[in-house]
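J.: Sequence and computational prediction follow.
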Amino acid sequence: MTAFGLFHESTFREKCINIMAPAQIHALLASMLAFSARFCAPAGHEGLNLNENGLARMQRSPSYFLDLASEFANEAMSECEDEPPDMCLLQALILVTHGHLVHGVHGRAWRSLGVCVRIAYELNLHLCDFEEKRRAWWAIWEMEVFASTVRRCPMGLDWSQMETLLPFIAINSLMKEAQIISSPRNISAARCNKDPKLALAAAATQGRLETLSNCVRCFKMALPPPLKYQNQFLGFDPHQSGNLSSPRQEQCGIYNIHVMAQLARLMICHYNIFAEPTLRESLAIHQYFEATDEILGIINRSSDDHIKHVNAFLASTIWLASAVQLVCKEFGPLGTNAVLVGSKFDVLNMTYKKFVYFWNIHCSFLHCDMKRVATKSMNTSYSSSGGGNRVFR
């Protein structure tokens, strides 16, 4: 599991042997199978597998193991009563929650994430730095940032109350902060620039966004060379026996960090673009479109099956990038090549659909909305976009 490395591989067997409660070990193993089962069935043949005689046999689906893990986890939680749950149970809940969030940030997934947050605080994971506890804390943090961003809700984790060492997913927190600043409420307030108090608040917001932009740039410059994306090809090759490092794990980190950095840029530019009418040639619009081109660039330089190895949560970012390409086609700078932009949209949209197919993401409303927008865009010629004085709203 490249996106969420929860376990210490060399001690995992011993860890399982030492788990005494049947419900806990069953929950842990079922949650792991829920993640790994989708990698077992050949593409297009989910539910079938071949035994040693070459005969087809039924294979349990990821959703089967996810439901099973949820049942065992609930049973184990009830057994805890007022005692803190064991670490293995929290790890099982993290994997269960991840499975639900991949399908969609709906009620069950949202509530399951809340349970993970409460248990993490109950176990004081925010105050310690032991290996597996640190990994669990930051897995919950990443899920929390993703879910709260999708739902536009406050986070349940408090950045100011942590002593756990910071990993490189700090870029997710910068993105989240930019999204909060660029909320519809703040944008509406910025449009009321005739009010002196609101105008002063808008100026302060601009300062915060500029600070965030500088933080993103510093973050990228501070990355160690193995985690920097420098337009290299990412093949996501599997771990080779005898090698200490895994190319797939390393390249997964490169991909995730780069895409999240571009999402942070999109969130930062969002405020300046929508807070007030902006000319096509503005710096904010240029950076907005440039961020999606960066996402497209790393997709084009990754293996065709990379969607299996990177964080499934990035599907929503790919969807957003494809939507921005449609915006670029209609409102991009004068001289924008509409055919080229259309081809960029096709690559991003098809990549998003590959995410949906492999990870079984339940977001048909996005499909319908994108299809409607794309159809409208295709039926509107670029020449009818209103000339150089048209504003981006």
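T.: Alright, I've got the coordinates.
J.: helix or strand for residue 345, which one?
T.: Using DSSP states H and E, residue 345 maps to helix 338-359.
J.: List every C-alpha atom in that helix, with coordinates, as PDB.
T.: The C-alpha coordinates for helix 338-359 follow below in PDB (Å, rounded to 0.1, in the frame of the first residue of the first chain):
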ATOM      1  CA  ALA A 338      -9.100  25.500 -28.300                       C
ATOM      2  CA  VAL A 339      -8.200  22.200 -30.000                       C
ATOM      3  CA  LEU A 340      -5.100  21.800 -27.800                       C
ATOM      4  CA  VAL A 341      -7.000  22.600 -24.700                       C
ATOM      5  CA  GLY A 342      -9.700  20.100 -25.700                       C
ATOM      6  CA  SER A 343      -7.100  17.400 -26.000                       C
ATOM      7  CA  LYS A 344      -5.700  18.300 -22.500                       C
ATOM      8  CA  PHE A 345      -9.200  17.900 -21.100                       C
ATOM      9  CA  ASP A 346      -9.600  14.500 -22.800                       C
ATOM     10  CA  VAL A 347      -6.400  13.200 -21.100                       C
ATOM     11  CA  LEU A 348      -7.300  14.500 -17.700                       C
ATOM     12  CA  ASN A 349     -10.900  13.300 -17.900                       C
ATOM     13  CA  MET A 350      -9.900   9.800 -19.100                       C
ATOM     14  CA  THR A 351      -7.400   9.600 -16.300                       C
ATOM     15  CA  TYR A 352     -10.100  10.500 -13.800                       C
ATOM     16  CA  LYS A 353     -12.400   7.800 -15.300                       C
ATOM     17  CA  LYS A 354      -9.600   5.300 -14.800                       C
ATOM     18  CA  PHE A 355      -9.400   6.300 -11.100                       C
ATOM     19  CA  VAL A 356     -13.200   5.800 -10.900                       C
ATOM     20  CA  TYR A 357     -13.100   2.400 -12.500                       C
ATOM     21  CA  PHE A 358     -10.200   0.900 -10.600                       C
ATOM     22  CA  TRP A 359     -11.100   2.400  -7.100                       C
END
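J.: would you list every one of the strands in this structure?
T.: 48-50, 56-58, 278-279, 391-392 (DSSP state E).
J.: coming back round to it: mind listing what's buried in the helix holding residue 345?
T.: By neighbour count on 16 or more other Cβ atoms under 10 Å, the buried set for helix 338-359 is 338, 341-342, 344-345, 347-349, 351-356, 358-359. C-betas here are computed from N, CA, C, even on glycine.
J.: my guess is residue 361 contacts residue 104, does it?
T.: Yes - at 6.9 Å, residue 361 counts as touching residue 104 under the criterion of Cβ atoms under 8 Å.
J.: thinking again about what came up before, next, report how far the helix holding residue 345 is displaced from the centre of its chain.
T.: 17 Å (Cα atoms, centre = their mean, to the nearest Å).
J.: Which other helices and strands does that helix contact?
T.: On a contact count with 3 or more Cβ pairs under 8 Å, 6 or more residues apart in numbering; DSSP states H and E, helix 338-359 meets helix 283-300, helix 315-331, helix 364-378.
J.: Specify which member of the buried residues of helix 338-359 is nearest to residue 319.
T.: residue 352 (4.8 Å; Cβ to Cβ).
J.: gap between the closest residue in space to residue 5 that isn't next to it in sequence and residue 9?
T.: Nearest residue to residue 5, sequence neighbours excluded (Cβ to Cβ, 6 or more residues apart in numbering): residue 135, at 6.1 Å. Distance of residue 135 to residue 9, given as Cβ to Cβ, to the nearest Å: 12 Å.
J.: So residue 361 and residue 104 - more neighbours on which side?
T.: Using other Cβ atoms under 10 Å, the more surrounded residue of residue 361 and residue 104 is residue 361, with 22 against 18.
J.: Report the contact partners of that one.
T.: Residue 361 makes contact with 102, 103, 104, 312, 315, 355, according to Cβ atoms under 8 Å, 6 or more residues apart in numbering.
J.: mind redoing it with 7 Å?
T.: 102, 103, 104, 315, 355 (Cβ atoms under 7 Å, 6 or more residues apart in numbering).
J.: Throw those into TSV and include distance to residue 226, thanks.
T.: Below are the contacts of residue 361 laid out as TSV (distance: Cβ to Cβ, whole Å):
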residue	distance to residue 226
102	27
103	32
104	34
315	25
355	25
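J.: just those now: which is nearest residue 153?
T.: Closest approach between these and residue 153, by Cβ to Cβ: residue 104, at 14.9 Å.
J.: you'd agree the closest one is up against residue 360?
T.: No - contact criterion Cβ atoms under 7 Å: residue 104 and residue 360 do not qualify, at 10.0 Å.
J.: how close does the residue lying closest to residue 345 once chain neighbours are set aside get to residue 231?
T.: Leaving aside its sequence neighbours, residue 345 sits nearest to residue 325 (Cβ to Cβ, 6+ apart; 4.1 Å). According to Cβ to Cβ, residue 325 and residue 231 sit 20 Å apart.
J.: Compare the two (neighbour count), which wins?
T.: residue 325 (27 against 7).
J.: Count the neighbours of residue 138 for me.
T.: With other Cβ under 10 Å as criterion, residue 138 counts 22.
J.: oh sorry, the question was meant for residue 309
T.: Count around residue 309 with other Cβ under 10 Å applied: 21.
J.: Next up, the contacts around the residue lying closest to it once chain neighbours are set aside.
T.: Closest residue to residue 309 apart from its sequence neighbours, by Cβ to Cβ, 6+ apart: residue 236 at 4.7 Å. Shown in contact with residue 236 (Cβ under 7 Å, 6+ apart): 248, 251, 303, 306, 309.
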